[in-house]
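Participant: Any chance you could fold what I've pasted below:
(one chain, ligands or ions: 1)
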Amino acid sequence: MKAIQVQAFGSPEVLQLREIPTPQPAAGQVLVRVRAAGVNPYDAYMRSGSYAIKPELPYTPGSDAAGIVETVGAGVKGVAKGARVYTATTLSGAYAEYALAVEAQVHPLPERISFTQGAGVWVPYGTAFHALHQRAHGRRGETLLVHGASGGVGIAAVQLARAAGLRVFGTAGSERGAELVRREGASEVFRHDQPDYLEKIMTATAGRGVDVILEMLANVNLGHDLKLLAQNGRVVVIGSRGDVTITPRDLMARRASISAFTLWATTEAEKQEIFAGLGAAMEAGIVRPVVGRELPLAQAAEAHRAILEPGAYGKIVLIP
Ligand code: NAP
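Facilitator: All right, here's what the predicted structure looks like:
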């Protein structure tokens, strides 16, 4: 099969399209014919060698694949050949024509979600669900700020929170991104590339502050976030690319809290709740991944350059 392989950590050019043996499912494993693979920022951090998790070389990147079950190994009961599925991480990597996964990593993809959309389910929606429901415990009627709403996780958070009855504010760094965030359910959208947007957010709450912030770029925003919080406000750090200074008194004065997580470290029980929640939300039409850009698998390097650039518009996906 054709697959992207990384033989040494480095710049996007280390993502090379190669012919490698198609993996075969052992007991309890599933082989998926990949129709689309999602590109996530952490794929780029990992490829560069700067991420906490360093896979053994060579490796094929990607955890989010959508496609059709090709074959199943002995003992697999929950999924059969021909089923439409998405993966929540894989054993062999998603940037390939086929991906091997254990049965528990393979989940049904309803007909209403296309394969390209399916490649934007696990990391974006799993992260948004965990942040909103399992960390922030966002409640109906609360005001949520999705700080960085135009990308994969942000759009997922806007859709899930709106459906859960929160009042949703979002930010974007371009007009196109801002329009998308509004279209997907935010009642107010602010431009984080403009100098006065934090004051505008505070004004939109009539000076009360927001109850929950889902933060995509904590190294830039965390100190400001604390000043935007209402009493008992919660910030959930989802993304960060460096250090930041905060004023703890901003937390104390508001009885506020900061929490943070990585999706990889969610417990089995949390994962079961996420899969159940996302399954229901997919069936109900609440999960509507936005695919902003499709590229052929051979252009994985371009996808990795683009994922770290400003002007996000939903997901970037690779087509094998
Ligand atoms: P993405 O699709 O590349 O989107 C990045 C988002 O960050 C865009 O909305 C972008 O807006 C926004 N952004 C850029 N500058 C910003 C600023 N100054 N203030 C606020 N937002 C800003 O990435 P993603 O997949 O949504 O992931 C978002 C972040 O979460 C990444 O850092 C990623 O590594 C992290 N993440 C963490 C986990 C976890 O397990 N904790 C899981 C998934 C993702 P514009 O481009 O419109 O400016």
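Participant: hmm, stretch 33-53 touching the ligand?
Facilitator: Yes: contact of stretch 33-53 with the ligand (Cβ under 6 Å from any ligand atom) involves 40-42. C-betas here are computed from N, CA, C, even on glycine.
Participant: ugh, typo on my part, it should be stretch 205-217
Facilitator: Yes: on the criterion Cβ under 6 Å from any ligand atom, stretch 205-217 is in touch with the ligand at 216-217.
Participant: buried residues in that stretch?
Facilitator: Buried residues in stretch 205-217, defined by neighbour count with 16 or more other Cβ atoms under 10 Å: 205, 209-217.
Participant: okay, how far is it across it, tip to tip?
Facilitator: End-to-end span of stretch 205-217 (Cα to Cα, to the nearest Å): 22 Å.
Participant: Test my guess that residue 198 contacts residue 226.
Facilitator: No: under the criterion of Cβ atoms under 8 Å, residue 198 makes no contact with residue 226, lying 11.3 Å away.
Participant: The longest helix seen in the chain and the ligand, are they touching?
Facilitator: Ranked by number of residues, the top helix in the chain under DSSP state H is helix 268-283. No: counting by Cβ under 6 Å from any ligand atom, the ligand has no neighbours in helix 268-283; the shortest distance is 11.9 Å.
Participant: For the helix or strand just after that helix, buried residues please.
Facilitator: Once the chain leaves helix 268-283, the next helix or strand it forms, by DSSP states H and E, is strand 291-296. Neighbour counts over strand 291-296 (16+ other Cβ under 10 Å) mark 291-293, 295 as buried.
Participant: repeat for stretch 149-167
Facilitator: Here stretch 149-167 shows 149-162, 164, 166-167 as buried, counting by 16+ other Cβ under 10 Å.
Participant: Could you check how far residue 258 is from residue 139?
Facilitator: Using Cβ to Cβ, to the nearest Å, residue 258 is found at 19 Å from residue 139.
Participant: the more surrounded of those two?
Facilitator: The neighbour count for residue 258 versus residue 139, taken as other Cβ atoms under 10 Å, is higher for residue 258 (18 against 13).
Participant: what about that one, which SS state?
Facilitator: Three-state call for residue 258 (DSSP: H, G, I helix; E, B strand; the rest coil): strand.
Participant: so who does it touch?
Facilitator: 222, 226, 234-237, 246, 251 (Cβ atoms under 8 Å, 6 or more residues apart in numbering).
Participant: Let's see the pLDDT reported for it.
Facilitator: Residue 258 is assigned 98 on the pLDDT scale.
Participant: quick one: residue 289 from the ligand, how far?
Facilitator: 11 Å (Cβ to the nearest ligand atom, to the nearest Å).
Participant: nearest spatial neighbour of residue 132, skipping sequence neighbours?
Facilitator: Excluding its sequence neighbours, the residue lying closest to residue 132 (Cβ to Cβ, 6 or more residues apart in numbering) is residue 138, at 4.8 Å.
Participant: Next, count neighbours for residue 61.
Facilitator: Quick note: residue 61 (other Cβ under 10 Å) scores 25 neighbours.
Participant: which residues pair with residue 170 across the strands?
Facilitator: Counting by DSSP bridges, residue 170 is bridged to residue 146, residue 189.
Participant: these two touch, right, it and residue 156?
Facilitator: No: counting by Cβ under 8 Å, residue 170 stays clear of residue 156, with 11.6 Å between them.
Participant: Would you check that my belief about residue 297 contacting residue 5 is correct?
Facilitator: No: counting by Cβ under 8 Å, residue 297 does not reach residue 5; the two are 11.4 Å apart.
Participant: Now list whatever residues contact both of these two.
Facilitator: Here residue 297 and residue 5 have residue 17 as joint contacts, going by Cβ under 8 Å, 6+ apart.
Participant: Fine by me, thanks again.
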